[in-house]
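> return atomic coordinates for the entry below.
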Amino acid sequence: MRVLITGATGLIGSEIVKKCHAKGIVVNYLTTSKSKIECTANYQGFYWNPSRAEIDVDCIKDVDAIIHLVGASISKRWTKAHKQAIISSRLETTALLHDTVKNNPNTIVQIISASAIGYYPDSLTNYYSEGEKQISDSFLGQVVEKWEGAIDTFKSLNIAVSKVRIGIVFSNKGGAYPELSKPIRFGAGAVMGTGEQWMSWIHLEDLANIFTHVLEHKLEGVYNGVAPKPATNKTITKAIAKQLNRPLILPNIPKFALKLMLGDMHIILFESQRVSSKKIENTGFKFKYAHLESALEALV
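Next up, the predicted model:
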């Protein structure tokens, strides 16, 4: 099997590449930097420049599936320009892939795209599954709606469409965990707001395994990329402090203070989404890190 991966050098992409190689799956990847193009027996780079609609069409030769991960980071201050970059980076890259596949001979049967649990409305009580029709009216909700809509255009090319709505990723190489643990390590950890907001987390390794599971089993539709046991911000903060053997002595950080510091981006810390992993589990997927404690233990 050969897959084309966008965002292959990022946190999630590099873990998926590792999993693919372990399974004997050959990886083509796209890069905007010609100096980062590698060529080995199982890892082949190709140049693209989505803002100019430039792409090396050889990237899709003999490819069975696309794993589409690329997009500007949401963990960077949401200026007007960066908000536009968050949306356009996802739509431009998807449109370029679509046109490339549409206009060139290929053997692609599936596209698996990253998405986000930001799709789901902020709620302390709801327990969201993939069938939820109501979309969050937040900026992230708008991003996900447009992003998933763009991915759905591949259906018109008779390509199976799969989407993985990613939760809060735990890894010591990046993602949310270093940001959550850093202040705790230095004795400055604190719960955000009331701490009652739900955080649907997932260990990076399990997330990469979900992508390869969807690929190998040719699963279509939407799947939540979250661990089976979401936890509140308060529970997660206390669990990290316990693992690091650090006290939590500071009072809860009020929402308004973080809004002043982070602007609109503060909603990442305060939106509450309790999200179910049942659908992916029902396909036979087994989590390596189903419990918060085991995931944190592996990171520490």
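
> hmm, what's the outermost residue in this protein?
Computed with Cα atoms, centre = their mean, the residue of the chain farthest from its C-alpha average is I249, at 32.2 Å.

> and the pLDDT for that one?
Listed pLDDT for I249 reads 90.

> so where do the strands sit in the stretch 101-250 of the chain?
Secondary structure of the stretch 101-250 of the chain, counting by DSSP state E, counting those that start in this stretch: strands at 110-116, 160-166, 168-171, 174-175, 198-199, 201-203, 221-225, 231-232.

> looking at those strands, which is nearest to A150?
Proximity to A150 (Cβ to Cβ) singles out strand 110-116 among these, at 8.6 Å. All C-beta spots, glycine's among them, are computed from the backbone N, C-alpha and C.

> which strands or helices does the closest one pack on?
Using 3 or more Cβ pairs under 8 Å, 6 or more residues apart in numbering; DSSP states H and E, the elements in contact with strand 110-116 are strand 65-68, helix 139-151, strand 160-166, helix 204-216.

> change it to 6 Å
Judged by 3 or more Cβ pairs under 6 Å, 6 or more residues apart in numbering; DSSP states H and E, the packing partners of strand 110-116 are strand 65-68, helix 139-151, strand 160-166.

> would you format these as TSV with distance to S88, mean pLDDT and mean neighbour count included?
Shown next, in TSV, are these (distance: least, Cβ to Cβ, whole Å; pLDDT from 0 to 100; neighbours: other Cβ atoms under 10 Å):
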stretch	distance to S88	mean pLDDT	mean neighbour count
strand 65-68	15	98	26
helix 139-151	10	97	19
strand 160-166	19	98	22
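
> with distance to Y120 as extra columns, can I get the ones you listed in CSV?
Below are the helices and strands packed on strand 110-116 laid out as CSV (distance: least, Cβ to Cβ, whole Å):
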stretch, distance to Y120
strand 65-68, 21
helix 139-151, 8
strand 160-166, 8
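
> what about the ones you listed, which gets the closest to E130?
Comparing the helices and strands packed on strand 110-116 against E130 with Cβ to Cβ, the closest turns out to be strand 160-166 (7.4 Å).

> contacts for the closest one?
Strand 160-166 has contacts (Cβ atoms under 6 Å, 6 or more residues apart in numbering) with 110-117, 119, 148, 151-152, 154-155, 210, 214, 219-220, 222-225.

> now with 8 Å?
Applying Cβ atoms under 8 Å, 6 or more residues apart in numbering, the external contacts of strand 160-166 come out as 12, 109-117, 119, 130, 144, 148, 151-152, 154-155, 202, 207, 210-211, 214, 218-226, 275.

> again with stretch 209-223
Under Cβ under 8 Å, 6+ apart, the answer for stretch 209-223 is 1, 3, 12, 16, 19-20, 23, 25, 65, 67, 109-110, 112, 115, 130, 148, 160-165, 225, 279-280, 283-285, 288.

> number of nearby residues for T31?
18 (other Cβ atoms under 10 Å).

> which residues are in contact with L207?
Residues near L207 by Cβ under 8 Å, 6+ apart: 12, 15, 164, 166, 169, 225.
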